[in-house]
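Visitor: Just a sequence and a predicted model for now, questions to come.
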Amino acid sequence: MTRPAFEDRRLSFGAEAGSYADHRPGYPAAAVAWVLDAATHPVRDVADVGAGAGALTRLLVERALHVTAYDADGQMLAELERRVPDVPTRVAPAESLPLDDASVDAVLVAQAWHWFDKPAAAVEFVRVVRPGGVIGLLWNVRDSRVPWMGELSDLIDGEDSMRASRSEAMAEIVAVHPGVEQADFPHAVPMTPEEIVGLLSTFSYVRLRADADDVYAAVRRLLATHADTAGRDVVDVPYVTATYRIPRP
């Protein structure tokens, strides 16, 4: 079956901004704390790049940080403004941020690095982060070691958000950001079976498939029959938040 093109996928999220905000998981507070702890001075000003509908933005605001959200998709930022009011937003690509040199203490990216021109974004992040600050990259990765999640991953026949194996992803990041440090933060998100189907509809490689409805039907059958999920009104959806930090010397 023909897969949707990368560029079509990259530009497909705005039309589903509300569903994305409703169904995509947040991030463990411990993962954000681990990133920011690498700064050698107190972190105050933060750029949330590729902010989407604001899943990470909310955590940063809760830490009383001065956050500005950047995304190339204005529809996603409009959803963020509804969900996380009073956060300044700017429509801007990661590769060309409307920021002065050395003007923020941290740049954080959640679930978006794989959509960027990585070498260009790496240069841009170094440009805008103050010495002693930090760059952080986070991904929620499905924990396919859990049997039912492994079977679900096989059904949707797609990648996780890192778009590569863990070792390949690490090598790719190191290639543009030497000195990266990595840590994992397992967590689980309680969801109803229909919320899980809604979550899958936010994956561009599922939503844009010609047979997407068949995939959703197969997932419903799995959840209704698997020993770990059958008969449950709420299922714990297992993730590992793969977290990378790059201290700015």
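Guide: Everything's here; your move.
Visitor: Which helix or strand lies directly C-terminal to the worst-scoring helix or strand of the chain on mean pLDDT?
Guide: With mean pLDDT, DSSP states H and E as the measure, the helix or strand of the chain carrying the lowest mean pLDDT is helix 6-10 (a mean of 44). Beyond helix 6-10 in the direction of the C-terminus, DSSP states H and E gives the next helix or strand as helix 17-23.
Visitor: other SSEs contacting that next one?
Guide: Contact partners of helix 17-23 among helices and strands, from 3 or more C-beta pairs under 8 Å, 6 or more residues apart in numbering; DSSP states H and E: helix 74-83, helix 193-200. Where you see a C-beta, it was placed from the backbone N, CA and C, and this is true even at glycine.
Visitor: how about those helices in a markdown table, adding distance to residue 57, mean neighbour count and mean pLDDT?
Guide: Supplementary listing: the helices and strands packed on helix 17-23 in a markdown table, determined by distance: least, C-beta to C-beta, whole Å; neighbours: other C-beta atoms under 10 Å; pLDDT from 0 to 100:
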| stretch | distance to residue 57 | mean neighbour count | mean pLDDT |
| --- | --- | --- | --- |
| helix 74-83 | 6 | 19 | 94 |
| helix 193-200 | 19 | 18 | 94 |
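Visitor: Any buried residues in the lengthiest helix in the chain, and which?
Guide: The helix that spans the most residues within the chain, counting by DSSP state H, is helix 212-225. Applying a neighbour-count criterion of 16 or more other C-beta atoms under 10 Å, one finds 212, 215-216, 219, 222-223 buried in helix 212-225.
Visitor: ok, now stretch 51-66?
Guide: For stretch 51-66, the buried set under the neighbour-count rule, 16+ other C-beta under 10 Å, comprises 51-61, 65.
Visitor: Give me the mean pLDDT for that stretch.
Guide: Along stretch 51-66, the predicted local confidence has a mean pLDDT of 96.
Visitor: can you give me the helices in the chain?
Guide: 6-10, 17-23, 29-36, 55-62, 74-83, 118-128, 147-156, 166-176, 193-200, 204-207, 212-225.
Visitor: any idea of the angle the fourth one forms with helix 74-83?
Guide: Taking axes from the mean of the first three to the mean of the last three C-alpha atoms, to 10 degrees, one finds that helix 55-62 is oriented at 40 degrees with respect to helix 74-83.
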